[in-house]
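Enquirer: Give me coordinates for this.
(chains A, B, C and D)
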2 protein chains.
Amino acid sequence: MNTEGTRRDEIINTATKLFKEKGYSAVTMRDLATAMGMKAASLYNHINSKQEILKAIIISLAEEFTQGMDVIKKLDEKAIEKLKMIVALHVDITTRNPYGMASLNNDWMHLEEQLVYYLKLRESYEQDFVEIIKNGIASNEVVNKNPEVIMFSILSTLRSLYLWIPKKEEIDSKVLAENLSDLLINGINK
Amino acid sequence: MNTEGTRRDEIINTATKLFKEKGYSAVTMRDLATAMGMKAASLYNHINSKQEILKAIIISLAEEFTQGMDVIKKLDEKAIEKLKMIVALHVDITTRNPYGMASLNNDWMHLEEQLVYYLKLRESYEQDFVEIIKNGIASNEVVNKNPEVIMFSILSTLRSLYLWIPKKEEIDSKVLAENLSDLLINGINK
DNA sequence: CTTACGGACTAACGCTTGTTAGTTTGAGCT
DNA sequence: AGCTCAAACTAACAAGCGTTAGTCCGTAAG
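Expert: As a prediction, the model looks like this:
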């Protein structure tokens, strides 16, 4: 048995790039096969369905975010520090898988059996996030504004990272995370 | 001749909502017809093609942004004031057409003849935006960080507005624009 | 009453979709 | 040399796609 799943992983990686460019629904199995240099039917020696590919891309990423948040929320740190860690979490995951983040953001609604599970993960994540912001407001670290608005403002930027991280390959993750944290926390006003 | 295009507009509005939920490629003409309470073939009494619907949704919105930016960039105002106006522009357009913004953000790549034109509009918009930020840095109003990073950070939030504006119908646009400006410009730090 | 016509319908078209069945190829082991 | 087996292939499927052609119906103007 050789390194288990290499060819399958190649297919999933190729699909991830195609899904980023055109979206899940617009990519056909024949498109994917062509990109892999094979015929569509041959894909089925390695995967069971198109749907399964989407699931493989999205669910593993969503679980990574959940695991990261589970660690952060339990720490004994100030709210602002926790927010910085969330930024770093997004930068880290997005840097390692920028294409997959496109599917996570744009094609989650095409999950079928896993849709409910995905939505549960997402809702929990956002609940934990907003809780950290509320604690920050209570401890006078964070400005007293609608916590949901604050979260969506930050989260929008973090969710869009996949669009411009591939263009800035020179920058290393740590520096980017620090710059971004500073921008989101302290604003752009001099 | 009666108010010109009413039925056609109904079709486009219905399509806009469906496109938001599933994306352009996943919505079929039969889906759209069902939502309109008619048969797919009947749609073609009012529109020429599926493609044309997408174009009608996206191009008009993109041109609205361009027109707004053309006004703002020529004004004799401080950079920070111009940035506040850009925020207000996004809030205004998104409030009036939250569903269409989903297509603009996620389905622009499925434009065909109009793709090049759309990309030209978008690039000009971003160039004007980044220019305002550069002027703000030069005049010591804005923190001296990478202007592209600043722009993407702000623009990500503005582009995601369509996701949560429909949930907050109670808030009026002006208040929202002010809160958001304050958050993006001054940060969340107390 | 007749005519015109917007706006719906049915039926069908050629093509593409995801997927299955069955077959062939070729490298590595004994 | 013969066997195994992963991984490619060809051929085909039923279903669904966007779209066209031709028809029918009801309302409103002459």
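
Enquirer: only C-alpha atoms for contact and neighbour calcs from this point on.
Expert: Noted.

Enquirer: Okay, helices next: where are they in chain A?
Expert: Using DSSP state H, the helices of chain A run over A:6-22, A:29-36, A:40-43, A:50-74, A:79-96, A:98-106, A:115-138, A:147-159, A:161-164, A:173-186.

Enquirer: Deepest-packed of these, please.
Expert: Highest mean neighbour count of these: helix A:98-106, a mean of 22 (counted as mean count of other CA atoms under 10 Å in any protein chain shown).

Enquirer: Low-confidence regions, chain A specifically.
Expert: Scanning chain A for pLDDT under 70 picks out the ranges A:1-5, A:169-170.

Enquirer: which residue does it bring closest to chain B?
Expert: Across chain A, no residue is closer to chain B than residue A:187, which sits at 3.7 Å (CA to the nearest CA).

Enquirer: Pretty sure that residue sits against residue B:183.
Expert: Yes - assessed by CA atoms under 8 Å, residue A:187 is found in contact with residue B:183 at 7.2 Å.

Enquirer: Flag every residue of chain A that's near chain B.
Expert: Residues of chain A lying near chain B by CA under 8 Å from any CA of the partner chain: A:21-22, A:25-26, A:106, A:109-110, A:140-143, A:150, A:152-154, A:156-157, A:160, A:164, A:183-190.

Enquirer: got the contact list for stretch A:92-100?
Expert: Outside stretch A:92-100, the residues that touch it by CA atoms under 8 Å, 6 or more residues apart in numbering or on different chains are A:16-17, A:19-20, A:57-58, A:61, A:64-65, A:101, A:161-163, A:165-166, A:173.

Enquirer: Out of those residues, the closest to residue B:128 would be?
Expert: If you rank the contacts of stretch A:92-100 by distance to residue B:128 using CA to CA, residue A:163 comes first, at 19.4 Å.

Enquirer: Tell me how far the closest one lies from residue A:105.
Expert: Applying CA to CA, to the nearest Å, the value for residue A:163 to residue A:105 is 11 Å.

Enquirer: got it, and residue A:146?
Expert: Separation of residue A:146 from residue A:105 (CA to CA) stands at 24 Å.

Enquirer: Residue A:120 now?
Expert: From residue A:120 over to residue A:105 (counting by CA to CA), the distance is 15 Å.

Enquirer: got it, and residue A:12?
Expert: In this view, residue A:12 and residue A:105 are 17 Å apart by CA to CA.

Enquirer: now swap in residue A:174 and tell me
Expert: Distance of residue A:174 to residue A:105, given as CA to CA: 23 Å.

Enquirer: Check residue A:45 too.
Expert: To residue A:105, residue A:45 is 29 Å away according to CA to CA.

Enquirer: and if you look at residue A:47?
Expert: 23 Å.

Enquirer: repeat for residue A:75
Expert: Computed as CA to CA, the residue A:75 to residue A:105 distance reads 28 Å.

Enquirer: got it, and residue A:35?
Expert: Separation of residue A:35 from residue A:105 (CA to CA) stands at 23 Å.

Enquirer: now swap in residue A:41 and tell me
Expert: Using CA to CA, one gets 29 Å for the distance from residue A:41 to residue A:105.

Enquirer: Write out the residues of chain A neighbouring DNA strand D.
Expert: A:7, A:37, A:38, A:39, A:40, A:41, A:42, A:43, A:45, A:46 (CA under 7 Å from any atom of the strand).

Enquirer: do that again at 6 Å, thanks
Expert: A:7, A:38, A:39, A:41, A:42, A:45 (CA under 6 Å from any atom of the strand).

Enquirer: so what's the last one up against?
Expert: Contacts were defined as CA under 8 Å, 6+ apart; by that measure residue A:45 touches no other residue.

Enquirer: Can you list phi and psi of it for me?
Expert: Torsion angles at residue A:45 (phi, psi; degrees, to the nearest 10) stand at phi -70, psi -20.

Enquirer: what does the second one give?
Expert: For residue A:38, the backbone dihedrals (degrees, to the nearest 10) come out as phi -150, psi -180.

Enquirer: Centre-most residue in chain A?
Expert: Per CA atoms, centre = their mean, the C-alpha nearest to the average position across chain A is that of residue A:101, at 4.5 Å.

Enquirer: wouldn't that one be in contact with residue A:165 here?
Expert: No - the criterion here is CA under 8 Å, and residue A:101 misses it with residue A:165 at 11.0 Å.

Enquirer: Hmm, residue B:109 and residue A:22 touching each other?
Expert: Yes - Residue A:22 sits in contact with residue B:109 when judged by CA under 8 Å, with a separation of 6.8 Å.

Enquirer: which bits of chain A sit near DNA strand C?
Expert: When proximity is defined as CA under 6 Å from any atom of the strand, chain A approaches DNA strand C at A:27, A:28, A:29, A:30, A:40, A:41, A:44, A:49, A:50.

Enquirer: of all the contacts of stretch A:92-100, which comes closest to residue B:84?
Expert: Nearest member of the contacts of stretch A:92-100 to residue B:84, counting by CA to CA, is residue A:161, at 22.8 Å.
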